[in-house]
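K.L.:
Whatever this is, show me its structure:
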Amino acid sequence: GLSLREELTVLGRQVEDAGRVLEGIGKSISYDLDGEESYSTYLRRESAQISDAYSSSDRSLSELEGKFRQGQEQGGREEARLGDSFLGLLLHARALLRETRHISSGLRDKHDLLALTVRSHGARLSRLKNDYLRA
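P.N.:
Prediction:
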């Protein structure tokens with residue numbers, strides 16, 4: 001078939017295509033990282049937000065425990081209402097933590113896939129360079 005020049009032209013186009021795919025993946029991950037520069041920065045921010053949410057929940061739960069004790073002293077109806085509020089907050093906090101863990105897992109999978117793709121393209125480009133230099 002093809003001459004060495006034609007093969008290199010075809011390979012060059014394939015490398016450009018791969019570059020565009022990688023750029024698209026990078027943009028997708030950048031969008032998923034919510035504007036952060038790196039996955040670790042994004043996770044640190046998310047971790048801080050989770051920590052803040054946990055602290056707020058802990059304070060709220062402490063306040064609710066105090067109110068719950070007061071409610072026990074004041075009567076049955078108020079006690080039931082506070083118990084329902086307490087349970088509602090617990091269920092909401094648990095749902096938020098599950099959602100955050102799910103999102104973090106998805107981002108980790110995308111990061112791993114991108115790293116694997118970049119290594120694969122790097123190895124292919126290195127092999128192409130070495131084959132060209134030997135030719």
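
K.L.:
where does the least confident helix or strand in the chain by mean pLDDT sit relative to the chain's centre, distance-wise?
P.N.:
Taking mean pLDDT, DSSP states H and E as the measure, the helix or strand of the chain with the lowest value is helix 39-74, at a mean of 76. Its chain's average C-alpha position is 22 Å from that of helix 39-74, according to Cα atoms, centre = their mean, to the nearest Å.

K.L.:
For it, enumerate the helices and strands it packs against.
P.N.:
Applying 3 or more Cβ pairs under 8 Å, 6 or more residues apart in numbering; DSSP states H and E, we find helix 39-74 packed against helix 76-134. Bear in mind the C-beta positions are built from the backbone N, C-alpha and C, glycine included.

K.L.:
Tell me how far stretch 13-22 lies from the chain's centre.
P.N.:
Between the centre of stretch 13-22 and the centre of its chain there are 25 Å (Cα atoms, centre = their mean).

K.L.:
in the chain, which residue is closest to the centre?
P.N.:
Nearest to the mean C-alpha position of the chain, by Cα atoms, centre = their mean, lies residue 107 at 3.1 Å.

K.L.:
measure that residue to residue 97 for me?
P.N.:
16 Å (Cβ to Cβ, to the nearest Å).

K.L.:
likewise residue 61?
P.N.:
Taken as Cβ to Cβ, the span from residue 61 to residue 97 is 14 Å.

K.L.:
what does residue 122 give?
P.N.:
With distances taken as Cβ to Cβ, residue 122 is found 37 Å from residue 97.

K.L.:
from memory residue 46 sits against residue 104, does it?
P.N.:
Yes: with contacts counted by Cβ atoms under 8 Å, residue 46 reaches residue 104, the gap being 6.5 Å.

K.L.:
list the contacts for residue 12?
P.N.:
By Cβ atoms under 8 Å, 6 or more residues apart in numbering, residue 12 lies in contact with nothing.

K.L.:
Since that was my last question, I'll sign off now.
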